[in-house]
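Participant: mind looking at a prediction? Sequence and model below.
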Amino acid sequence: MRTSRRPFIQGALAITALLGLPRYLLALTWPKNAFTSTVPSEALVELLGTDHSEVSDKIELKLPVIAENGAEVPVTVNTSLPGVKSISIVVEKNPRPLAISFGFSPQMLPEVACRLKLAKSSRVIAVVETATGIFSTSREVTVTIGGCA
Amino acid sequence: MATGIKVTVRLKGDVADVKSLIKHPMETGTRQDTDTGEFVPMHHITQITFAHNDAPVLLVDCSTAVSKDPYFRFSFGNASVGDRLEISWVDSRGESGSTETVLA
């Protein structure tokens, strides 16, 4: 079993904050293997150490039921789960399924919004890592015109 | 290349609502140039850091599936007037950009 990279990231965040180092040094921690993986479960193992998550109704994943333009699909994730450490979004049918991962400091309110590319109609999964475990929820999206992803 | 970052922050009590838009092509590497038929090389932001008074509040790891000109909306607490919010990004070519805004 792999260990989560998040404690490392949070350590790195703390260290760069302490030393006042340029933040771009953090790019060294970009999880390349997770983002280049072509299999959703493998990407999650690379990112979080496991692809197991508990389905939770305390996560809300907001995105259009039908996305006319797959190049710009607005996605919002919020949760009432306490102690959020990270929120990641997986687009199952994209060539590289892991789309984005947000690392949270305790100051963050548990909601993020962004815009993603969807290559075709797909299930979209929001994975929330908290102090007590890994939780997820998913939605199907129909894409009319695919966005090269 | 253009490194424009647009950011707006609205303070509600001690909560800062942030909206940001970073100008970047976010090329996937699989798009073909319509004139030459050649693939446009992959070029995308890999990481963005939002720091509040030098302490990172949000770290965003991006794939090529983040839309062109990445947009984010989020909120964080413990904010007050005069605080600084620094946004910095780095991409797959090692190019980078940053901006700093003062909360008002």
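Facilitator: Yep, it's here.

Participant: next, name the residue at the spatial heart of chain A.
Facilitator: Nearest to the geometric centre of chain A sits A:S88, at 1.2 Å (CA atoms, centre = their mean).

Participant: go ahead and confirm that residue touches A:L47.
Facilitator: Yes: the criterion here is CB atoms under 8 Å, and A:S88 meets it with A:L47 at 6.3 Å. C-beta coordinates here come from the backbone N, C-alpha and C atoms, glycine included.

Participant: related to what we said a few turns ago, got the contact list for the strand or helix carrying the residue nearest to the centre of chain A?
Facilitator: According to DSSP states H and E, A:S88 maps onto strand A:84-91. Identification of contacts with strand A:84-91 by CB atoms under 8 Å, 6 or more residues apart in numbering or on different chains yields A:6, A:10, A:40, A:43-44, A:47-48, A:75, A:77, A:79, A:97-104, A:108, A:110, A:112, A:114, A:116, A:118-119, A:122, A:124-131, A:149, B:65.

Participant: what segments of chain B are strands?
Facilitator: B:5-12, B:15-22, B:45-52, B:55-62, B:71-76, B:84-91, B:96-102 (DSSP state E).

Participant: let me have the ones you listed in a markdown table, extended by distance to A:G83, mean neighbour count and mean pLDDT.
Facilitator: Converted to a markdown table, the strands of chain B look like this (distance: least, CB to CB, whole Å; neighbours: other CB atoms under 10 Å in any protein chain shown; pLDDT from 0 to 100):
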| stretch | distance to A:G83 | mean neighbour count | mean pLDDT |
| --- | --- | --- | --- |
| strand B:5-12 | 23 | 14 | 96 |
| strand B:15-22 | 18 | 19 | 98 |
| strand B:45-52 | 19 | 24 | 96 |
| strand B:55-62 | 15 | 23 | 95 |
| strand B:71-76 | 15 | 20 | 98 |
| strand B:84-91 | 24 | 21 | 95 |
| strand B:96-102 | 28 | 15 | 94 |
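
Participant: as a markdown table, the ones you listed with distance to chain A would be great.
Facilitator: Listed next are those as a markdown table, based on distance: least, CB to the nearest CB, whole Å:
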| stretch | distance to chain A |
| --- | --- |
| strand B:5-12 | 11 |
| strand B:15-22 | 7 |
| strand B:45-52 | 4 |
| strand B:55-62 | 4 |
| strand B:71-76 | 4 |
| strand B:84-91 | 4 |
| strand B:96-102 | 5 |
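
Participant: residues in contact with the residue nearest to A:W30 when sequence neighbours are not counted?
Facilitator: Closest residue in space to A:W30, ignoring its immediate chain neighbours: B:T46 at 4.5 Å, by CB to CB, 6 or more residues apart in numbering or on different chains. By CB under 8 Å, 6+ apart, the contact list for B:T46 reads A:A27, A:W30, B:D61, B:C62, B:V90, B:D91, B:S92.

Participant: so what pairs up with the third one in the strands?
Facilitator: Beta-bridge partners recorded for B:D61 (DSSP bridges): A:S101, B:Q47.

Participant: between the strands of chain B, which one is nearest to A:L63?
Facilitator: Proximity to A:L63 (CB to CB) singles out strand B:71-76 among those, at 13.8 Å.

Participant: please identify which of the strands of chain B is closest to A:T144.
Facilitator: With respect to A:T144, and counting by CB to CB, the nearest of the strands of chain B is strand B:71-76 at 20.8 Å.
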